[in-house]
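A.B. asks: Fold the stuff below for me.
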Amino acid sequence: MKHSLLLLALTVALAACSKEAAPRVKTERPASTYVVGIPGGDSGNVYSGEIRARHETVLGFRIGGKIVARMVDAGTFVKEGQTLARIDASDTGLQESAATAQYRLAEEELKRHRELRDKGFVSQSALDAKENALKAAAAQAGLARNQAAYTNLLSDRAGVVSATLAEVGQVVSAGQPVVRVAQTGESEVAVAIPESRIASLKVGMPAEIELSAGGADAKRYTGRLRELSPAADPASRTYPARVLLNNGDANVALGMTARVRFGTAEKISGYLVPISAIFQQGEQAALWVVAQDRSVALRPVTIAAYRDDGALVSSGVVAGERIVSAGVHKLTAGDKIQIIDSGKTP
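C.D. replies: Model prediction:
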């Protein structure tokens, strides 16, 4: 009996030893990647902005009333003195008629009093009162004529209508914006500067402007910082600035998106990568570089500068290499990943 039990135990042990351990299957982790290829250029910062006219005027009626006609729409080119809109002139017309009638009455009264004064029937003070009444009536008639003229909204300069702010049938008050007119000629880019960069910018410093709509054939222009607000916007906590284009042309349309780069004297060569791609090992920065088989390897790099739009890598990678741009602390050397392309902009 003991011999049988020993034989059975030995058989079970040999069967267990003959089984090989099942290999551990590694799963490929999805990872956002970025293709190195954007030169850092210089250490200036890039800001997105909108093309605006150098001179822009918001126009409104000088009196209140109901808009009965609007002759222009956004994009309409207008001349100086051209009628843009009109409000109901019924009341102002009646006021003008009443003031004109009062003036004519005062004029006739003065004429009769002068004749009576020549004959000695009225005193000089009575004549003086009629003369003053005529002056007052003339002033009222002139005011009524002006009020009647204010029913037409005229353009004070040649330009293009950039926005219409009121519609036909709407009742507007005096001074309420109705039409915005941008003067043709000089153009500029309106940008917002963060608090961290305000000290590095000075009015008059050069800038490079690129129209974002251009794609690979993007148009580039030179400019200068014309205006920098000394006070931050209370909502965004950024400082409004205006960059004047030196060589604008027909390709620069109002409302277009533009990228502005302020240059500095310091030139640093290298490639721009997302800050989230940097893997810090003590004092050494590194990047996870993706191989052809989608495996990753950690490579030390040299960071020349940290900027608002990314980190400037001066050595360690070359253009065209793919790096992991997010989740770098979850990887180990040799891991294979599922590539998610995040584009070529940090």
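A.B. asks: So, low pLDDT: which residues of this protein?
C.D. replies: 1-26, 38-45, 212-218, 250, 263-269, 308-309, 342-346 (pLDDT under 70).
A.B. asks: any idea which helix is longest in it?
C.D. replies: For the chain, the helix with the greatest residue count under DSSP state H is helix 90-119.
A.B. asks: which parts of the following helix or strand past that helix are buried?
C.D. replies: Downstream of helix 90-119, the first helix or strand assigned by DSSP states H and E is helix 124-149. By neighbour count with 16 or more other Cβ atoms under 10 Å, helix 124-149 contains the buried residues 127, 130, 133, 134, 137, 140, 141, 144, 147, 148. Just so you know, the C-beta spots here come from the backbone N, C-alpha and C atoms, and that holds for glycine as well.
A.B. asks: just to revisit the earlier point, quick check: buried residues in the longest helix of the chain?
C.D. replies: 92, 95, 96, 99, 102, 103, 106, 109, 110, 113, 117.
A.B. asks: Which member of the residues you listed is positioned nearest residue 302?
C.D. replies: residue 92 (74.7 Å; Cβ to Cβ).
A.B. asks: I'd like the distance between the residue nearest to that closest one when sequence neighbours are not counted and residue 320.
C.D. replies: Excluding its sequence neighbours, the residue lying closest to residue 92 (Cβ to Cβ, 6 or more residues apart in numbering) is residue 148, at 4.4 Å. Here residue 148 is placed at a distance of 72 Å from residue 320 (Cβ to Cβ, to the nearest Å).
A.B. asks: Kindly report the same for residue 62.
C.D. replies: Residue 62 is 64 Å from residue 320, by Cβ to Cβ.
A.B. asks: neighbouring contacts of stretch 133-152?
C.D. replies: Stretch 133-152 is contacted from outside by 61-63, 65, 83, 85-89, 92-93, 95-96, 98-100, 102-103, 105-107, 109-110, using Cβ atoms under 8 Å, 6 or more residues apart in numbering.
A.B. asks: redo that, cut-off 7 Å
C.D. replies: For stretch 133-152, the surrounding residues in contact (Cβ atoms under 7 Å, 6 or more residues apart in numbering) are 61-63, 65, 83, 86-87, 89, 92-93, 95-96, 99-100, 102-103, 106-107, 109-110.
A.B. asks: do the same with stretch 285-303
C.D. replies: Contact with stretch 285-303 is made by 33, 277-279, 284, 311-317, 321-324, 328, 331, 333-337, 339, as judged by Cβ under 7 Å, 6+ apart.
A.B. asks: what does stretch 89-106 give?
C.D. replies: By Cβ under 7 Å, 6+ apart, stretch 89-106 touches 133, 134, 137, 138, 140, 141, 144, 145, 147, 148, 151.
A.B. asks: got the CA positions of it in CSV?
C.D. replies: Provided in CSV are the C-alpha atoms of stretch 89-106 (Å, rounded to 0.1, in the frame of the first residue of the first chain):
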residue,chain,number,x,y,z
ALA,A,89,-37.5,111.6,-39.5
SER,A,90,-41.2,112.2,-38.8
ASP,A,91,-40.7,113.9,-35.4
THR,A,92,-37.6,115.8,-36.3
GLY,A,93,-39.4,117.1,-39.5
LEU,A,94,-42.3,118.4,-37.4
GLN,A,95,-39.8,120.0,-34.9
GLU,A,96,-38.0,121.7,-37.8
SER,A,97,-41.3,123.0,-39.3
ALA,A,98,-42.4,124.4,-35.9
ALA,A,99,-39.0,126.1,-35.3
THR,A,100,-39.0,127.6,-38.8
ALA,A,101,-42.5,129.0,-38.3
GLN,A,102,-41.4,130.6,-35.0
TYR,A,103,-38.4,132.2,-36.6
ARG,A,104,-40.5,133.7,-39.4
LEU,A,105,-43.0,135.0,-36.8
ALA,A,106,-40.2,136.6,-34.8
